[in-house]
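Peer 1: The sequence and its predicted three-dimensional model are supplied below.
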Number of protein chains: 2
Amino acid sequence: MVRIAFFGPQGTFTEQAARVLAGGEELFPVETIPAAFEAVRSGAADGACVPVENSVEGPVTATLDSAVDGDPLVAVAEALLPIRFTVLVGADRDPVADPPRTVASHPHALAQVRGWLGEHLPGAEQLVASSTAAAAVGVLDGEYDAAVVAPVAAEHYPLKTFATDVADLADARTRFLLLRTPGTLPEPTGADRTSIVVAAANRTGSLAGLLTELAMRGINLTRLDARPVKGDYGTYRFFIDFEGHVTEPRIADALAAMRRRSMSVRFLGSHPRADGVTATIEPGAGNDDFVAADAWVEAVRKGELA
Amino acid sequence: MVRIAFFGPQGTFTEQAARVLAGGEELFPVETIPAAFEAVRSGAADGACVPVENSVEGPVTATLDSAVDGDPLVAVAEALLPIRFTVLVGADRDPVADPPRTVASHPHALAQVRGWLGEHLPGAEQLVASSTAAAAVGVLDGEYDAAVVAPVAAEHYPLKTFATDVADLADARTRFLLLRTPGTLPEPTGADRTSIVVAAANRTGSLAGLLTELAMRGINLTRLDARPVKGDYGTYRFFIDFEGHVTEPRIADALAAMRRRSMSVRFLGSHPRADGVTATIEPGAGNDDFVAADAWVEAVRKGELA
């Protein structure tokens, strides 16, 4: 049976995502995001599930940094989860008669329910826990009165549900990736995402040049995140997601150009988009156009056409 | 006397930066980064000091988000602080005979001393506090045995210094901004930084187009960060820093082009760079070149030249 590591502990949104992405496989939690990558690199796991981006908080920086520190892994699938929290209290507490005086969660979770807490638990002190699930454990241990957690946490801990579907922004979402060692690529579907990380040369216009390679081929950028290169203040790597699949001629052509124009490029995967949005193909920028143009140049070189 | 709010509590790196940026003024701590912005917007403070970027952790997202939510503020100065931590223990503890069993700090601080802790306090449990200074308060209260803090914290809390100059990466740095309401701009120095936030149109090539406006004027990009637009999954704002000062013709020309090509632009300030690096000016892209070219076009329009 295939073993999939996920960024734990049990009872987090990442466990929920791992069930979506690898539901039939054996799932096991690891303590940190780097440990999830390491489990795959060392062979201890066949895959890993980690969060990559949240619509409120932005990129998950530990995931981006782990993708460049160590051997390459590639994303083969993604899941997009709505982030709606459950609030748990001790099994014996009547939260109406005896409202929680402290409420704990991961700082990102607290940031996403600040309005709800102000309205429903205005007197409660907000405390920081290392994960949403750790907050639930803290309620079990009597350390906190309430915890803001992922819905799946209610299955793992013998606590009482005080509220569900809690979120200040109705459409907050987190995107998760299933990572594996490079090998077989998922089949292209027409609604794919390709991810790379690029070290742009440190000179005027280098990033503009790289993005222009995508733009002039009509390839739509879906995300760009800069991360500082540790130990080298003022230099950055760029994590770039765009529409399309590396097996498509138009994408291969763009990748080769970016490889040539940058100091280094690492391929982070091509896989179907969870939202199913099909790629926009502009006139003259379809795969057939690239193949036909290459064929014409080849014929010109052979003296067959002009 | 001018009152400057800083992201507190007292005893953090932000207080150290505020002393550098507004040392002669009355400094007062506020609890959050949004509260520091709000203090200036409401008139409760004449300025605010907040962190904007760390060379290990990347952008300070609360600062970026606060810059777009609410009335415009502009950065008028910046400070670049080396991030080297002090480790404090209780005044009565002999840390050699009785090594700390728990050590607390802000998650970003813990991330930057992980190697040092593994070597010097291998058995200590690492606990998360809401700030480095809150960890020091926790040591005072007996909640933690040790705290990883900013050097200035040693002045505020009656604790014993266990170690100083603690940092896994020798050149970790954080950049801080002094913010004010728009009004007088700092004078250009030739070593300036201009910051804007841009909402790029959601179509293929829009970001490449904006960055090309800088590149073709020979203006060097120094930072680019994407932030998700809350409540609108898949759309982003771009925080862009580049060399130069808005009073320079070459910068004004680029800003006008970006204004025209984007859905919105907000000016976030032009001020001297803390590192004193002077702008690279490419041939044909100096201020005199822009002024002379405009004068020629004007003369052509009047029929005086051709």
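Peer 2: Cool, the structure landed.

Peer 1: how distant is stretch A:80-100 from the center of its chain?
Peer 2: Remark: stretch A:80-100 is offset 27 Å from the chain centroid, using Cα atoms, centre = their mean, to the nearest Å.

Peer 1: Show me which positions of that stretch end up buried.
Peer 2: A:80-81, A:83-90, A:93, A:95, A:99-100 (16 or more other Cβ atoms under 10 Å in any protein chain shown). Bear in mind the C-beta positions are built from the backbone N, C-alpha and C, glycine included.

Peer 1: cool, and stretch A:147-166?
Peer 2: A:147-154, A:156-157, A:159-160, A:162-163, A:166.

Peer 1: is it true that A:Ile83 touches A:Glu57?
Peer 2: No. Using Cβ atoms under 8 Å, A:Ile83 makes no contact with A:Glu57, being 9.6 Å away.

Peer 1: Find residues that contact each of those two.
Peer 2: A:Gln112 (Cβ atoms under 8 Å, 6 or more residues apart in numbering or on different chains).

Peer 1: Show me the helices in chain A, by range?
Peer 2: Secondary structure of chain A, counting by DSSP state H: helices at A:13-22, A:33-41, A:61-68, A:107-112, A:114-120, A:132-140, A:153-156, A:206-215, A:249-261, A:287-301.

Peer 1: by contact count, what packs against the second one?
Peer 2: To tie it back to what came earlier, the one meant is helix A:33-41. strand A:3-7, strand A:47-54, helix A:61-68, strand A:173-180 (3 or more Cβ pairs under 8 Å, 6 or more residues apart in numbering or on different chains; DSSP states H and E).

Peer 1: what's the angle from that helix to helix A:13-22?
Peer 2: On the basis of axes from the mean of the first three to the mean of the last three Cα atoms, to 10 degrees, helix A:33-41 is oriented at 30 degrees to helix A:13-22.

Peer 1: ok, for A:Val74, nearest residue in space, not its chain neighbours?
Peer 2: Counting by Cβ to Cβ, 6 or more residues apart in numbering or on different chains, the nearest residue to A:Val74 once its immediate chain neighbours are dropped is A:Gly269, at 3.9 Å.

Peer 1: Show me what the one you found is bridged to.
Peer 2: A:Ser195 (DSSP bridges).

Peer 1: My read is that it contacts A:Thr184, right?
Peer 2: No. A:Gly269 is beyond contact range of A:Thr184, at 11.7 Å (criterion: Cβ under 8 Å).

Peer 1: out of these two, which sits in the busier spot?
Peer 2: The neighbour comparison of A:Gly269 against A:Thr184 (other Cβ atoms under 10 Å in any protein chain shown) goes to A:Gly269, with 27 against 8.

Peer 1: Please determine how far the more buried one is located from A:Leu185.
Peer 2: A:Gly269 sits 8 Å away from A:Leu185 when distances are taken as Cβ to Cβ, to the nearest Å.

Peer 1: what's the overlap in contacts for these two?
Peer 2: Jointly contacting A:Gly269 and A:Leu185 under the rule Cβ under 8 Å, 6+ apart are A:Val74, A:Val76.

Peer 1: A:Val229 against A:Ala199, yeah?
Peer 2: Yes. Assessed by Cβ under 8 Å, A:Val229 is found in contact with A:Ala199 at 7.5 Å.

Peer 1: what about those two, which has more around it?
Peer 2: A:Ala199 (17 against 14).

Peer 1: my guess is that one contacts A:Arg237, does it?
Peer 2: Yes. Contact criterion Cβ under 8 Å: A:Ala199 and A:Arg237 qualify, at 5.4 Å.

Peer 1: which residues do these two both contact?
Peer 2: A:Val229.

Peer 1: The residue nearest the centre of chain A: what's it in contact with?
Peer 2: Central residue of chain A (Cα atoms, centre = their mean): A:Val52, 2.0 Å from the mean position. Listed by Cβ under 8 Å, 6+ apart, the contact set of A:Val52 reads A:Pro59, A:Val60, A:Thr63, A:Leu64, A:Ala75, A:Glu78, A:Arg175, A:Phe176, A:Leu177.

Peer 1: same question, A:Glu282
Peer 2: A:Gly218, B:Thr204.

Peer 1: same check, this time on A:Val2
Peer 2: Neighbouring residues of A:Val2 by Cβ under 8 Å, 6+ apart: A:Ala22, A:Glu25, A:Glu26, A:Asp46, A:Gly47.

Peer 1: Then A:Leu211?
Peer 2: Contacts of A:Leu211 by Cβ under 8 Å, 6+ apart are A:Leu221, A:Leu224, A:Ile240, B:Gly205, B:Leu207, B:Ala208, B:Leu211.

Peer 1: what's the domain layout of chain A?
Peer 2: The record's domain split for chain A, according to automatic domain parsing, is A:1-83+A:172-184, A:85-166, A:185-299.

Peer 1: who wins for proximity to A:Leu305 among those domains?
Peer 2: domain A:185-299 (4.0 Å; Cβ to Cβ).

Peer 1: now the end-to-end length of that closest one.
Peer 2: Counting by Cα to Cα, to the nearest Å, you get 31 Å between the two ends of domain A:185-299.

Peer 1: And the nearest residue to A:Glu213 once chain neighbours are set aside, how far from A:Val297?
Peer 2: Sequence neighbours aside, A:Ala257 is the residue nearest to A:Glu213 in space, at 4.4 Å (criterion: Cβ to Cβ, 6+ apart). Counting by Cβ to Cβ, the gap from A:Ala257 to A:Val297 is 16 Å.

Peer 1: do A:Trp116 as well
Peer 2: From A:Trp116 to A:Val297 the distance is 60 Å (Cβ to Cβ).

Peer 1: Show me which of these two is the more surrounded one.
Peer 2: Comparing A:Trp116 with A:Val297 by other Cβ under 10 Å, the one with more neighbours is A:Trp116, at 17 against 11.

Peer 1: Setting aside sequence-adjacent positions, which residue approaches that one most closely?
Peer 2: Per Cβ to Cβ, 6+ apart, closest to A:Trp116 is A:Val166, 5.1 Å.
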